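# Pasting the sequence and the predicted model now:
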Amino acid sequence: MRNFTCVQDLGNLKQALAEAFEIKKDRYQFTELGKNKTLLMIFFNSSLRTRLSTQKAAMNLGMNTMVLDVNQGAWKLETERGVIMDGDKPEHLLEAVPVMGCYCDVIGVRSFARFESKEDDYNEKILNQFIQYSGRPVFSMEAATRHPLQSFADLITIEEYKKTDRPKVVMTWAPHPKSLPQAVPNSFAEWMNATDYEFVITHPEGYELDPEFVAGARVEYDQKKAFEGADFIYAKNWSAYADPNYGKVLNMDRNWTVDSEKMALTNNAYFMHCLPVRRNMIVTDDVIESPQSIVIPEAANREISAQTVLKKILMGLQ
Ligand SMILES: CCC[C@H](NC(C)=O)C(=O)O
Ligand SMILES: NC(=O)OP(=O)(O)O
C-alpha cells in the first residue's frame, strides 16, 4: 500500500481486519520491518490520540519518529500558488513539502477542513499536495473530509464487541458549541457502508452529510426511532455541509444529547465516540461512564489501526 487516505486504500477489508487482529495478538512481532525507517508526523491541528497512538505504532515496528506542529515552531505556510508572499507567511508549502520528504521515509498529515472554501476542503487541497510533492508514502491523520485511522479503529472495536454478525450501528449527531469538520462522520459512514452491518444515520434537518459518504445508509430524523434496537451508538458532532450553511453551527439543541433514557431504547447498545468529547453536550456523564461505554477500548485500538496501516506501507517499501 502506497498512501492511506480512505477505506478503499486498504484493499480487502476482511484481510486488513485479520492483519489488525494478528498485530493485536503480538504488536512486537514486526520490529525489524521499520528498522532505519523514519516516520514524520505533521500536525496542522491539535491532537492527543492520533499523536500518541501513531507514534507508539511506529515504535512498535522499530521506526524512528519525528513530530512537527506546523503552527508552533515551523514557519507559517502559504498554501495558495501564485500568491505574492508579502504577508505573514515566509514559506510556501511547495518548498516545505519536498524538504520534509527529504528527512523521512513515511509522512502522516493532520489537516482539518478550514471552512474557507468547500471546494478546497472537499478536494483535499492540503493532503493532496503532500501526496503530490513529498516523494514519500502519505497517510491521513484526519484530513478535511475523512479520518480513516479513526474509522479503522472503530471497525476493529465493533468487530470485537458485536454479538451478532450484522449489528445495527447508529451514528447520531449531537450538539457542540464549535464548528466541527465532517471528516469523522464522513469516514465512519464510508467504513460502515463497506460492511454488511445495518447502518443508520440520525441528525436534525440541515445537517445532511455529503451524499457520496451517506451512500446507501438510512437517514432518520427522529433520533429516538433510530435508537430502537441499536447494538452500537456512535455519537459525533459535525457542522453543516449543505450550502449555504457549509461549516456553520445551525443549532445546539441539547435534546440531541445522548442520555440514559435514549440508550434504554436500544438493544443494550455499546456507546462509542472518537474523543475528545464534550460531556453533557454530546453525551451525559452517566452514559459515558456506564459499563456499555467502550470509548477507552475504542481509543486503544487507534494503536492497532495505525500499526496495521504503517506495516502495509512499510511492506510496500521493501
Ligand atoms: C477526532 C476529532 C477531531 C475533531 N474534534 C475537534 C474537537 O476538533 C473533529 O471533530 O473532527
Ligand atoms: N480521535 C482522535 O483522532 O483524537 P485526537 O484528535 O486527540 O487525535
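Great, that's in hand. Ligands and ions are numbered 1, 2, ... in the order given.
# Met100 contacts Val106, doesn't it?
No: look at Met100 against Val106 with CB atoms under 8 Å: they stay out of range, at 11.4 Å. For the C-beta atoms, the positions are set from N, CA and C on the backbone; glycine is no exception.
# tell me, what's touching the two both at once?
Counting by CB atoms under 8 Å, 6 or more residues apart in numbering, the residues touching both Met100 and Val106 are Leu40.
# Secondary structure element holding the residue in the stretch 101-250 of the chain that ligand 2 sits nearest to?
When scored by CB to the nearest ligand atom, the stretch 101-250 of the chain has Gln150 as its residue closest to ligand 2, at 5.2 Å. Secondary structure assigned from DSSP states H and E places Gln150 in helix 148-161.
# that older thread, what is the neighbour count of the spatially closest residue to the residue of the stretch 101-250 of the chain closest to ligand 2 that is not a sequence neighbour?
Leaving out its chain neighbours, the residue that sits closest to Gln150 by CB to CB, 6 or more residues apart in numbering is Cys274, at 5.0 Å. Here the number of neighbours of Cys274 (other CB atoms under 10 Å) works out to 24.
# now swap in Glu261 and tell me
11.
# ok, it to Asp231 distance?
18 Å (CB to CB, to the nearest Å).
# Would you mind giving me the confidence score for the residue nearest to Gln150?
Looking at Cys274, its pLDDT stands at 98.
# likewise Pro175?
Per the predicted model, pLDDT is 98 at Pro175.
# just to revisit the earlier point, these two touch, right, the residue of the stretch 101-250 of the chain closest to ligand 2 and Ser140?
No: assessed by CB under 8 Å, Gln150 is found out of contact with Ser140, at 9.8 Å.
# Could I get the contacting residues of the closest residue to ligand 2 within the stretch 151-300 of the chain?
Closest residue of the stretch 151-300 of the chain to ligand 2, CB to the nearest ligand atom: Cys274 (3.9 Å). For Cys274, the contact set (CB under 8 Å, 6+ apart) comprises 49, 147, 150, 154, 184, 236, 298.
# Ends of stretch 82-102, what's the gap?
24 Å (CA to CA, to the nearest Å).
# tell me what the helix holding Gln150 is packed against?
When contacts are defined as 3 or more CB pairs under 8 Å, 6 or more residues apart in numbering; DSSP states H and E, helix 148-161 sits against helix 13-25, helix 49-60, strand 138-140, helix 183-193, strand 232-236, strand 270-272, helix 295-317.
# how does it look with 7 Å?
Using 3 or more CB pairs under 7 Å, 6 or more residues apart in numbering; DSSP states H and E, the elements in contact with helix 148-161 are helix 13-25, helix 183-193, strand 270-272, helix 295-317.
# quick one: average pLDDT of that helix?
98.
# Kindly format the C-alpha coordinates of whatever helix or strand comes next after it as PDB.
Toward the C-terminal end, the helix or strand that comes next after helix 148-161 (DSSP H and E) is strand 168-173. The C-alpha coordinates for strand 168-173 follow below in PDB (Å, rounded to 0.1, in the frame of the first residue of the first chain):
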ATOM      1  CA  LYS A 168     -27.400  -2.300  14.000                       C
ATOM      2  CA  VAL A 169     -25.000   0.600  14.100                       C
ATOM      3  CA  VAL A 170     -26.400   4.100  14.600                       C
ATOM      4  CA  MET A 171     -24.400   7.300  14.100                       C
ATOM      5  CA  THR A 172     -26.100  10.200  15.900                       C
ATOM      6  CA  TRP A 173     -25.400  13.900  15.600                       C
END
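# Give me the buried positions along stretch 42-50.
Neighbour counts over stretch 42-50 (16 or more other CB atoms under 10 Å) mark 42-45, 47, 49-50 as buried.
# name the element Gly108 belongs to?
Using DSSP H and E, Gly108 falls in strand 106-110.
# Following that strand in sequence, what is the next regular element?
Following strand 106-110 toward the C-terminus (DSSP H and E): helix 118-122.
# from the chain's centre, how far out does that next one sit?
Offset of helix 118-122 from its chain centre (CA atoms, centre = their mean, to the nearest Å): 17 Å.
# Next: stretch 201-218.
Centre to centre, stretch against its chain (CA atoms, centre = their mean), the figure for stretch 201-218 is 17 Å.
# ditto for stretch 148-161
With CA atoms, centre = their mean, you get 11 Å for stretch 148-161.
# And stretch 162-180, by the same measure?
Distance, centroid of stretch 162-180 to centroid of chain: 14 Å (CA atoms, centre = their mean).
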